[in-house]
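Undergrad: Okay, predicted coordinates and the sequence, questions at the end:
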Amino acid sequence: LVLANAENSVVKSQGQKDHSKQSTPTPPINENSVVTSFIRIGVEKFNDEKFDESLACFLKALKTHKDAYPPSPHYDFYTACILNNIGAIYLKKGQLKESLAALNESLILKMKNKSKKTLNCVETLNNIGNIYSMMGKNNEALNIFNEVLEIQHVNLKSNPAIADTHHNIGVIHYLNGEMVASL
């Protein structure tokens, strides 16, 4: 699963091969906001494996953010990052449906005012694909991973993340008993 990283809370593509491998959620850059305080505490609780407390902090961050700022592209970006982290925490708690709902909401915000999915959607799509795989919905996972691959080929040309996506696709084919396609 892929979580937000320290670079402006942009979600990075890492750990895609191992469905259980997760990074740590990281706060947005704005050091002075109440939202960031909730997120920083949520990250600490996540690192201490206190997932209920971490989730409570991220939910407070989301509510405070929604109450404090009018919708805008900047607002949508941070809301999507917070939702991605909420999805990751739900996943750690084994709540796949809740995780999927948060990640889908994050993806909707990332797609807002765009005609197609772009590179900023890849990480959330990978997370969604991994969850589908964990739920045994391999065809849905395969569709998502193929979509990720298409976006990566258009935007990245040559990048190790493309190999990770090929790996994910191969794993799904293997799980489906499609040995030749899995190679």
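TA: Done, it's in.
Undergrad: And His173, what's its pLDDT?
TA: At His173, the model reports a pLDDT of 94.
Undergrad: could you say which helix or strand contains the residue nearest to the spatial centre of the chain?
TA: Nearest to the geometric centre of the chain sits Thr124, at 3.6 Å (C-alpha atoms, centre = their mean). Taking DSSP states H and E as the definition, one finds Thr124 inside helix 122-134.
Undergrad: what comes into contact with that helix?
TA: Helix 122-134 is touched from outside by 1-2, 11-13, 16, 19, 80, 84, 87-88, 91, 96, 99-100, 103-104, 106-107, 110, 117, 138, 140-141, 144-145, 147-148, 151-152, 161, 165, 168, 171-172, 175, with contacts defined as C-beta atoms under 8 Å, 6 or more residues apart in numbering. C-beta: built from backbone N, CA, C; applies to glycine.
Undergrad: which among those residues end up buried?
TA: 1-2, 11, 13, 16, 19, 80, 84, 87-88, 91, 96, 99-100, 103, 106-107, 110, 117, 138, 140-141, 144-145, 147-148, 151-152, 161, 165, 168, 171-172 (16 or more other C-beta atoms under 10 Å).
Undergrad: What about those residues, which are in helices?
TA: 80, 84, 87-88, 91, 96, 99-100, 103, 106-107, 110, 138, 140-141, 144-145, 147-148, 151-152, 161, 165, 168, 171-172 (DSSP state H).
Undergrad: hang on, the earlier thing: centre of the chain to the helix holding Thr124, how far?
TA: Mean C-alpha position of helix 122-134 versus that of the full chain (C-alpha atoms, centre = their mean, to the nearest Å) differs by 7 Å.
Undergrad: And stretch 89-100, by the same measure?
TA: The answer for stretch 89-100 is 12 Å, by C-alpha atoms, centre = their mean.
Undergrad: Figure out the length between the terminal residues of it.
TA: 11 Å (C-alpha to C-alpha, to the nearest Å).
Undergrad: Can you report how many residues lie near Met135?
TA: 13 (other C-beta atoms under 10 Å).
Undergrad: meant to ask about Ile39
TA: 30.
Undergrad: quick one: it is in a strand?
TA: No: under DSSP: H, G, I helix; E, B strand; the rest coil, Ile39 sits outside any strand and is assigned helix.
Undergrad: Show the end-to-end separation of stretch 101-120, please.
TA: 18 Å.
Undergrad: can you check stretch 166-183 too?
TA: Start-to-end span of stretch 166-183 (C-alpha to C-alpha) is 10 Å.
Undergrad: Kindly report the same for stretch 167-183.
TA: 9 Å.
Undergrad: Residues touching that stretch, excluding its own?
TA: 16-17, 126, 129-130, 133, 138-139, 141-142, 145-146, 148-149.
Undergrad: which parts of it are buried?
TA: 168-173.
Undergrad: same check, this time on stretch 60-73
TA: So stretch 60-73, judged by 16+ other C-beta under 10 Å, has buried residues 60-62, 64-65.
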